[in-house]
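[1] curious how this folds, go ahead:
(chains A and B)
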Number of protein chains: 2
Amino acid sequence: MMSQNPDLALSDLRILDLTRAVAGPTCTRMLVEMGADVIKVEPTPAGDLTRAITKYRNERSLYFVQQNRGKQSFCVDLKDPRGIALVAELASQVDAVVENFRPGVMEAIGLGYDRLCELKSDTILCSISAFGQTGPLAKRPGYDFIAQAYSGIMSMIGEPGKAPSLVGAAIGDASTGVHAALGIVSAIHRRNRTGKGDHLDVALLDAYYGYHDANVVVYSGSNGEVKPTREGSHYGLVCPAGIFHAPGGFIVIMGFMHHWPDLCRAMNREDLIEHPDFCDDSVRVPRKPEVTKLVEDWLATFADIDSAVDALHEFDVPCAPVLSVADTVQNEHMRARGTVRTVEDPVHGPVDIPGHPIKWKNHPNNIELTAPTLGQHNESIMMERLGRTAAELKQLRDDGILLEKPS
Amino acid sequence: MMSQNPDLALSDLRILDLTRAVAGPTCTRMLVEMGADVIKVEPTPAGDLTRAITKYRNERSLYFVQQNRGKQSFCVDLKDPRGIALVAELASQVDAVVENFRPGVMEAIGLGYDRLCELKSDTILCSISAFGQTGPLAKRPGYDFIAQAYSGIMSMIGEPGKAPSLVGAAIGDASTGVHAALGIVSAIHRRNRTGKGDHLDVALLDAYYGYHDANVVVYSGSNGEVKPTREGSHYGLVCPAGIFHAPGGFIVIMGFMHHWPDLCRAMNREDLIEHPDFCDDSVRVPRKPEVTKLVEDWLATFADIDSAVDALHEFDVPCAPVLSVADTVQNEHMRARGTVRTVEDPVHGPVDIPGHPIKWKNHPNNIELTAPTLGQHNESIMMERLGRTAAELKQLRDDGILLEKPS
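    Purely as a prediction, here's the structure:
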């Protein structure tokens, strides 16, 4: 089995992972990177659906590698009662079970929460879904963007009056996985104290909705008078604050309120600090196009973005270059911190992935882990976890209940 | 002190909260909603800076209320050694300390990790920041958007070639708080097993970077050939998939791959299922404007968005109305689940806020909690936690080391 570092936070925990795609695998990725022992159940014949995509270098999915390093793959026929029986037996041995099927599927295949509690009375089951396990939309098909649209977050992204803009990253899926991991570790903490399990219901919709730090309360608190909506590339209530054109790209600048004098000094326009047309946000907001032009004309005098950012930083103006994904991979700060890291995959060789986002000072971060080939751990799980004989293993393989593939 | 429900997951945990604004308060909000006892330290004279904003109904900040329900406010002068001594004493009594000052500030005020370990050898300190505690950018001023710009996520939002679009919600701040809560509960789990504390370093930049489910690995795995960038309102690689104009607003529709025949049936255009110009994504992608027009012309035949969504759901096409924040507050599903909930504030009366995003089947969710007035718990904390006398309390109040305000 995996050789785990006993010093890692969750090295005593065993997780059974029935998830696929992104949200669920991100949850168990969080746990495995903190030391948990994770068995990933993959259905025959193809396993996690992400094994089919992003085959840039060879037949091994890079997407799958990123999400599933360190997990053990148990590839089993979930349409056969013998397969389900094996999974149920594993479920009775672990601290928590995680799944992200459409609500109702776990019951349909004989692994619902009540059934799992019959096998192990303090079962902790975490169900991840787009809309949650309850409510009128629960069984509707969901993607990240579907939940984002319902949550109101999408309505806050893009140019006013035009169609909202998509976000080209799975912010909802991935961060919902983090919520689920928090729920699981908290539920185990509770079980250790009370002896009780529980069924956690974690939804993309609910996670997205929690990101409204102000919108809901402002709408409700103003008795509906203030209706938050998207504002394009610049904030509506203060000025300047937004994304500015600069030579070769874009810069975020926060030059509002107490930052305005610093920005004026950076631009060598001390005359504007107290100028009646520019002295505070209330007069700058109505002059937003003029203020934006002023800033962009100044930015245009630089050779490139980095020199403009340096000039702003000299005066402590909060700012940032809008880095492309390509830029981030080479960025000195992100390399130094392990925000981005190069891992060695046995098939791909070196490949860059995001580092574990929770960093510990006194024990290992970014441990070395390898994503499993399909069914790679069938044998060890059958013999060591489930106490089966070689003959029994062979029979299930011959019957197609267990499957292994080379990538 | 707070009357806590001993059945809640974290009801045995004590947290000292030195955070302000959003990311840190979201972290301790997660913990307090799962039962933890949280003391929020607020600096004199004004407390958390969010107490100054969103005063729509009266002098009490709605923003503050949303982020800080259930926490106990201890308002103390952090510039005075007597104030720092009180905070240090509290730090030695808790399971974890959380802070989101700019890196270096905790050391400067005498509450750095090493100092806290002198007071309590198994101290768990969680530091939340924009760029992290280490690396060349660590001490730069940060906002959510600053970290988002560096992370490459901002480059993935908006129309290609144009300035990216801002996201009108604190997705990075809030979700970084969730990461921090996961780190804290995991660190406590480890301490309970090993007796060791640790210093956690949780950064907005790292959390944002983790949301690149595919971008980093696609760029790296293609050896730099594929350079992910923003694509506006429609996906680039499949079609149709994106945000469509509809009567009165916008609808997200996922009609690509195996969803195309369902969409054709919904549109009563079965002739397009096998049509050589439309039969799969490879031929539809180059015809994206034509496909988009086809879908939008059909959507235009509906009276409103809801009827179009119903028609699509009849054929199991994944879709969603792009709800405004105002829409979400009334939404039947979100009300039924407690995604949005109305809480009773003693000053504001009823106000809507996002519900706790981790839902438990068998024990209470969305417990009743009240946000504290500034320094509301000074007395109980001084007398019960710190064992001070009424005379000592009075002296510190008279000297301005402790402060209370009515909102």
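[2] low-confidence ranges in the stretch 1-150 of chain A?
    Across the stretch 1-150 of chain A, the ranges flagged by pLDDT under 70 are A:1-4.
[3] right, and residue A:182 touches residue B:181 too?
    Yes: Residue A:182 lies in contact with residue B:181 (C-beta atoms under 8 Å); the separation is 5.4 Å. To be clear about C-beta, it is placed using only N, CA and C from the backbone, and glycine gets the same treatment.
[4] show me the contacts for residue A:134.
    Residues counted as contacts of residue A:134 (C-beta atoms under 8 Å, 6 or more residues apart in numbering or on different chains) are A:201, B:336, B:337.
[5] for the last one, phi and psi?
    Read it as residue B:337. phi -90, psi -20 (degrees, to the nearest 10).
[6] between the contacts of residue A:134, which is nearest residue B:343?
    Among the contacts of residue A:134, residue B:337 lies closest to residue B:343 (C-beta to C-beta), at 15.5 Å.
[7] isn't that closest one right next to residue A:129, touching?
    No: contact criterion C-beta under 8 Å: residue B:337 and residue A:129 do not qualify, at 11.1 Å.
[8] which neighbours do those two share?
    In contact with both residue B:337 and residue A:129: residue A:203, using C-beta under 8 Å, 6+ apart.
[9] what residues sit buried inside the helix or strand in which residue A:187 is found?
    Residue A:187 is part of helix A:171-194, with elements assigned from DSSP states H and E. Across helix A:171-194, burial judged by 16 or more other C-beta atoms under 10 Å in any protein chain shown covers A:171-191, A:194.
[10] got it, and stretch A:50-60?
    A:50, A:51, A:54, A:56, A:60.
[11] nearest to chain B among these?
    Closest to chain B out of these is residue A:56 (4.3 Å), distances taken as C-beta to the nearest C-beta.
[12] how far does stretch A:200-220 stretch from one end to the other?
    29 Å (C-alpha to C-alpha, to the nearest Å).
[13] just the buried members of the contacts of residue A:134?
    Counted by 16+ other C-beta under 10 Å, the contacts of residue A:134 give A:201, B:337 as buried.
[14] of the contacts of residue A:134, which is the nearest to residue A:11?
    Of the contacts of residue A:134, the one sitting nearest to residue A:11 (C-beta to C-beta) turns out to be residue A:201, at 27.5 Å.
[15] so how far is the helix or strand hosting that closest one off the chain centroid?
    Assigned by DSSP H and E, residue A:201 falls within strand A:198-203. Put simply, strand A:198-203 sits 17 Å off its chain's centre (C-alpha atoms, centre = their mean, to the nearest Å).
[16] and the next element down the chain from that strand?
    helix A:204-209.
[17] only alpha carbons, please: show that next one as PDB.
    What follows is helix A:204-209, C-alpha atoms only, in PDB (Å, rounded to 0.1, in the frame of the first residue of the first chain):
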ATOM      1  CA  LEU A 204     -21.700  24.100  -6.100                       C
ATOM      2  CA  LEU A 205     -24.600  26.400  -5.900                       C
ATOM      3  CA  ASP A 206     -24.200  26.900  -2.200                       C
ATOM      4  CA  ALA A 207     -20.400  27.300  -2.400                       C
ATOM      5  CA  TYR A 208     -20.800  29.900  -5.200                       C
ATOM      6  CA  TYR A 209     -23.500  31.700  -3.200                       C
END
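[18] so what touches that helix?
    A:23, A:128-132, A:137, A:142, A:144, A:147-148, A:150-153, A:172-173, A:175-176, A:179, A:216, B:175, B:178, B:328, B:333-334, B:337, B:339-340, B:354-355, B:357, B:359.
[19] can you give me how far that helix is from the chain middle?
    13 Å.
[20] what residues does stretch A:243-256 touch?
    Contacts of stretch A:243-256 (C-beta under 8 Å, 6+ apart): A:233-235, A:238-242, A:262-263, A:281, A:284, A:292, A:295-296, A:299-300, A:302-305, A:308-309, A:312, A:317-322, B:143, B:145-146, B:148-149, B:154, B:163-164, B:166.
[21] hmm, back to that, can you list residues touching both of residue A:182 and residue B:181?
    Joint contacts of residue A:182 and residue B:181 (C-beta under 8 Å, 6+ apart) are residue B:30.
[22] buried ones among the contacts of stretch A:243-256?
    A:233-235, A:238-242, A:262-263, A:281, A:284, A:292, A:295, A:299, A:302, A:305, A:308-309, A:312, A:317-322, B:143, B:145-146, B:148-149, B:154, B:163-164, B:166.
[23] strands - which of those land there?
    Among those, the members falling in strands (DSSP state E) are A:241, A:242, A:319, A:320, A:321.
[24] wait, which of those residues is closest to chain B?
    Of those, the one sitting nearest to chain B (C-beta to the nearest C-beta) turns out to be residue A:320, at 3.8 Å.
[25] excluding its backbone neighbours, what's nearest that closest one?
    Distances taken as C-beta to C-beta, 6 or more residues apart in numbering or on different chains put residue B:149 closest to residue A:320, at 3.8 Å, once the chain neighbours are dropped.
[26] the one you found: what's it in contact with?
    Here residue B:149 is in contact with A:243, A:251, A:252, A:320, A:321, A:322, A:323 (C-beta under 8 Å, 6+ apart).
[27] so which of these is the closest to residue B:124?
    Closest to residue B:124, out of all of the contacts of residue B:149 and judged by C-beta to C-beta, is residue A:320, at 30.6 Å.
[28] ok, that closest one touching residue B:150?
    Yes: between residue A:320 and residue B:150 there is a contact under C-beta under 8 Å: 5.2 Å.
[29] part of a strand, is residue A:59?
    No: counting by DSSP: H, G, I helix; E, B strand; the rest coil, residue A:59 is not part of a strand but coil.
[30] give me the nearest residue to it, chain neighbours excluded.
    residue A:407 is the one closest to residue A:59 (C-beta to C-beta, 6+ apart), at 4.7 Å.
[31] from the ones in strands among the buried ones among the contacts of stretch A:243-256, which is closest to residue A:10?
    Nearest member of those to residue A:10, counting by C-beta to C-beta, is residue A:320, at 33.5 Å.
[32] okay, and the beta partners of that closest one?
    Taking DSSP bridges as the rule, residue A:320 bridges to residue A:252.
[33] residues contacting it?
    So residue A:320 contacts A:251, A:252, A:309, B:145, B:146, B:147, B:149, B:150 (C-beta under 8 Å, 6+ apart).
[34] among those residues, which are in helices?
    A:309, B:145, B:146, B:147, B:149, B:150 (DSSP state H).
[35] nearest to residue B:37, of these?
    Checking these against residue B:37 by C-beta to C-beta gives residue B:147 as the nearest, at 30.3 Å.
[36] so that closest one touches residue B:131, yeah?
    Yes: Residue B:147 is in contact with residue B:131 according to C-beta under 8 Å; the separation is 6.9 Å.
[37] which residues do those two both contact?
    B:203, B:204, B:205.
[38] so which of the residues you listed wins on neighbours?
    Highest neighbour count within the shared contacts of residue B:147 and residue B:131: residue B:203, with 33 neighbours (other C-beta atoms under 10 Å in any protein chain shown).
[39] how close does it sit to residue A:169?
    17 Å (C-beta to C-beta, to the nearest Å).
[40] cool, residue A:13 as well?
    From residue A:13 to residue A:169 the distance is 29 Å (C-beta to C-beta).
[41] which of those two has more residues huddled nearby?
    residue A:169 (26 against 23).
[42] can you give me every residue that contacts the closest residue to the more buried one other than its chain neighbours?
    In space, and not counting its chain neighbours, residue A:169 is closest to residue B:211: 4.8 Å by C-beta to C-beta, 6+ apart. Applying C-beta under 8 Å, 6+ apart to residue B:211 gives the contacts A:169, A:170, A:171, A:174, A:175, B:151, B:153.
[43] need the residue closest to the centroid of chain A.
    Residue closest to the mean C-alpha point of chain A, counted by C-alpha atoms, centre = their mean, is residue A:174 at 1.8 Å.
[44] what sits against residue A:368?
    So residue A:368 contacts A:343, A:344 (C-beta under 8 Å, 6+ apart).
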